[in-house]
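A.B. asks: A structural model of the following input is requested.
(one chain, ligands or ions: 2)
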Amino acid sequence: MACGLKIKDEESGYNKNLFCIPKHYEEDVERVFIPHGLILDRTERLARDIMHDMGSHHVVALCVLKGGYKFFADLLDHIKVLNQNGDKSVPITVDFVRIKSYCRDSPTKKISIIGELSTLNGKNVLVVEDIIETGRTMKALLAKLRDYKPKTVKVVSLLVKRTHQSSGYRPDYVGFEIPDKFVVGYALDYNEYFRDLNHICILKEKAKEKYKI
Ligand code: HPA
Ligand code: MG
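C.D. replies: Ligands and ions are numbered 1, 2, ... in the order given. Below you'll find the model as predicted:
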């Protein structure tokens with residue numbers, strides 16, 4: 001259980017004017033926090049580590065929507081390259097789940113899972129998540145997955161946030177460990193906006209007002 005690429009609390013990210021930001025978000029972004037290229041480079045190595053650890057038995061990659069879709073697509077692209085060029089290759093099938101959570105602040109989090117999970121029976125499952133903050137959603141998802149009797153379950157999360165609200169849950173693979181800041185982009189949203197932004201960015205306070213619901 002590695003901590004991933006650790007980004008320090010005092011890291012402020014990069015001047016957004018040195019990167020390409022869509023015009024419609026230019027005034028909303030404060031800083032670029034993790035550039036898209038770095039996300040892809042780290043993802044390439046995660047793909048290698050995951051494939052190294054997985055047996056040669058069929059893997060079901062389970063994407064946690066919506067925030068996980070970019071990471072999922074890029075991770076699978078890197079795994080495909082390894083399957084094409086390595087000595088060993090593993091068949092991968094894909095499945096998708098959408099999680100709705102209730103009682104955000106309750107320690108016994110209730111979630112509802114939308115998606116077909118009966119296909120996971122007896123399989124090696126790789127859960128692909130965008131961000132783990134408290135870890136409660138993931139714990140609840142893993143508890144539900146167990147009902148469908150997968151052979152093994154591993155979790156990869158692109159981001160893990162260092163927060164005092166953490167339940168102590170740690171995924172098997174981590175892209176980046178980040179400070180307790182709100183980030184958007186690369187499919188992570190603020191009220192559904194900013195998924196269509198390549199870099200992981202920090203928002204301006206006034207953007208949070210602008211897109212508030
Ligand atoms: N950004 C977007 N979605 C999130 C975050 C975040 O920082 N933390 C938990 N969900
Ligand atoms: Mg998520």
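A.B. asks: ok, what's across the strand from Lys154?
C.D. replies: Leu126 (DSSP bridges).
A.B. asks: quick one: list the elements packing against the helix or strand bottoming out on mean pLDDT in the chain.
C.D. replies: Within the chain, no helix or strand scores below strand 110-114, which has a mean of 85 by mean pLDDT, DSSP states H and E. The contact analysis (3 or more Cβ pairs under 8 Å, 6 or more residues apart in numbering; DSSP states H and E) places strand 110-114 against strand 92-102, helix 136-146. Glycine gets a C-beta too; all of them are placed from N, C-alpha and C.
A.B. asks: quick one: contacts of that strand?
C.D. replies: Strand 110-114 has contacts (Cβ atoms under 8 Å, 6 or more residues apart in numbering) with Val97, Arg98, Ile99, Lys100, Ser101, Tyr102, Cys103, Thr137, Ala140, Leu141, Lys144.
A.B. asks: if we go to 10 Å?
C.D. replies: 64-65, 96-103, 136-141, 143-145 (Cβ atoms under 10 Å, 6 or more residues apart in numbering).
A.B. asks: what does this protein have sitting close to ligand 1?
C.D. replies: Ile131, Glu133, Phe182, Val183, Val184, Leu188 (Cβ under 6 Å from any ligand atom).
A.B. asks: please identify which of those residues is nearest to Ser12.
C.D. replies: Val183 (12.8 Å; Cβ to Cβ).
A.B. asks: who's in contact with that closest one?
C.D. replies: 13, 33-34, 130-131, 159, 161, 176, 190, 194, 199-203.
A.B. asks: for the residues you listed, which one is nearest ligand 1?
C.D. replies: Lowest distance from ligand 1 to those (Cβ to the nearest ligand atom) belongs to Ile131, with 4.9 Å.
A.B. asks: strands of the protein, residue ranges please.
C.D. replies: 5-6, 14-15, 29-34, 59-65, 92-102, 110-114, 124-132, 152-161, 173-178, 183-184, 200-203 (DSSP state E).
A.B. asks: check those strands for me: which has the lowest mean pLDDT.
C.D. replies: Across the strands of the chain, strand 110-114 has the smallest mean pLDDT, namely a mean of 85.
A.B. asks: mind listing the strands the least confident helix or strand of the chain pairs with, and their directions?
C.D. replies: Here, using DSSP bridges, strand 110-114 pairs with strand 92-102 (antiparallel).
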